[in-house]
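>>> build me a model from this:
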Amino acid sequence: MSDRPPPRRASARGFAIGVELALFTPHDGELGVLVRAAADERSRSRSTLPLSTLDSSQTLDQCALELAKEASPTAPTVIEQVGTFVARPPAAEKSRIMVLYFGLLPVGTAVRSPHTWLEISDALASLAPRQRDDVDAALHALRARVDQQPIAFRLLPAVFTLTELQRIYELLLGRKLHKASFRRALHAASLVEATDEWRSEGRGRPAQLFRYAPPRRRRARRGVRFDALG
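Numbers count the residues shown, from 1 in each chain. Okay, here's the model as predicted:
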């Protein structure tokens with residue numbers, strides 16, 4: 001019988017676990033991301049993404065939702081985990097395991113100080129390099145889900161015009177879409193249904209209003225692919 005002590009279990013000792021949240025919304029005609037003003041004015045980055053250290057009594061999802069609640073009185077219409085990575089801080093501090101989430105808030109959502117909306121390009125200019133990578137990763141995850149989930153509809157009121165819907169898709173995907181192809185794809189996938197309501201959009205004919213049409217049977221909805229312009 002060996003006198004050797006039993007091997008220790010691998011543990012996260014020496015690591016702090018953090019949660020980081022990239023919240024997006026249409027803002028001033030572009031896609032905006034929520035940032036928080038840096039507490040330290042001497043910081044080289046003027047802004048940060050909302051982030052927090054995980055409390056022992058919380059789950060990861062609860063921590064992400066708490067970050068969203070601190071930023072805005074409106075709950076996200078979508079919030080999903082993107083992935084996990086290790087952040088390497090200065091040598092005097094613990095390394096941190098960071099879990100990144102993305103979320104969506106409706107147009108015009110109010111936010112609590114010191115949070116504010118910035119266009120993606122402005123946010124990237126004001127964030128530290130690691131968080132720029134986090135925004136890119138969150139955007140990549142968001143765009144990967146747009147074709148497979150009804151994410152775009154979470155940013156619109158209950159009824160909308162197809163022009164409004166197309167604009168939301170363009171913001172989320174980061175590219176212009178071909179109008180006729182976009183509408184064919186919508187109808188082929190049975191994503192929308194017409195209402196009896198119409199709305200004036202400038203000098204032209206009034207535009208018919210539509211609503212999101214959830215699947216009526218328990219089946220996987222096929223992905224939707226939209227043709228880009230150019």
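
>>> tell me if residue 32 really is in a strand.
Yes - counting by DSSP: H, G, I helix; E, B strand; the rest coil, residue 32 falls inside a strand.

>>> which residues touch it?
24-26, 117-120, 123 (CB atoms under 8 Å, 6 or more residues apart in numbering). Heads up, the C-betas are built off the backbone N, CA and C, glycines and all.

>>> and with 7 Å instead?
Residue 32 sits next to 24-26, 117-119 when contact means CB atoms under 7 Å, 6 or more residues apart in numbering.

>>> please apply the same query to residue 161.
Taking CB under 7 Å, 6+ apart as the test, what residue 161 contacts is 199, 201, 207, 209.

>>> please pick the buried ones from those.
207, 209 (16 or more other CB atoms under 10 Å).

>>> before we move on, back to that, buried subset of the contacts of residue 32 as a ChimeraX selection?
Command for ChimeraX that selects the buried part of the contacts of residue 32, burial taken from 16+ other CB under 10 Å:
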select :24,25,26,117,118
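
>>> for the contacts of residue 32, name the two members farthest from one another.
Maximum pairwise distance among the contacts of residue 32 (CB to CB): 13.0 Å, between 26 and 118.

>>> look up how far residue 116 lies from the spatially closest residue to residue 19 that is not a sequence neighbour.
Residue nearest to residue 19 in three dimensions, not counting chain neighbours: residue 63, with 4.3 Å by CB to CB, 6 or more residues apart in numbering. Here the distance between residue 63 and residue 116 works out to 22 Å (CB to CB, to the nearest Å).

>>> more neighbours: those two, which one.
residue 63 (22 against 16; other CB atoms under 10 Å).

>>> check what pLDDT that one gets.
Residue 63 carries a pLDDT score of 96 in this model.

>>> so what's the backbone phi/psi at it?
Here is the backbone geometry of residue 63 (degrees, to the nearest 10): phi -70, psi -40.

>>> what's near enough to touch it?
19, 52, 54.

>>> the second one: what's it in contact with?
Neighbouring residues of residue 52 by CB under 7 Å, 6+ apart: 18-19, 63, 67.

>>> from the contacts of residue 63, which is closest to residue 190?
The closest of the contacts of residue 63, once distances to residue 190 are taken by CB to CB, is residue 19, at 36.4 Å.

>>> pull up the pairing partners for whichever strand or helix holds the closest one, direction included.
Following DSSP states H and E, one finds residue 19 within strand 15-27. Within its sheet, strand 15-27 is paired with strand 30-37 (antiparallel), strand 51-53 (antiparallel), strand 95-104 (parallel), according to DSSP bridges.

>>> mind listing what's buried in that strand?
17-27.

>>> one more: stretch 27-39?
Applying a neighbour-count criterion of 16+ other CB under 10 Å, one finds 27, 31-36, 38 buried in stretch 27-39.

>>> any idea of the mean pLDDT in that stretch?
The model assigns stretch 27-39 a mean pLDDT of 88.

>>> where in this structure is pLDDT low?
Counting by pLDDT under 70, the chain shows low-confidence ranges at 1-14, 39-45, 88-95, 217-230.

>>> show me how it divides into domains.
The chain breaks down into these domains under automatic domain parsing: 15-146, 152-212.

>>> quick one: which of the contacts of residue 161 is nearest residue 127?
Closest approach to residue 127 among the contacts of residue 161 (CB to CB): residue 201, at 36.3 Å.

>>> helix, strand, or coil at that closest one?
Once three-state DSSP is applied, residue 201 turns out coil.
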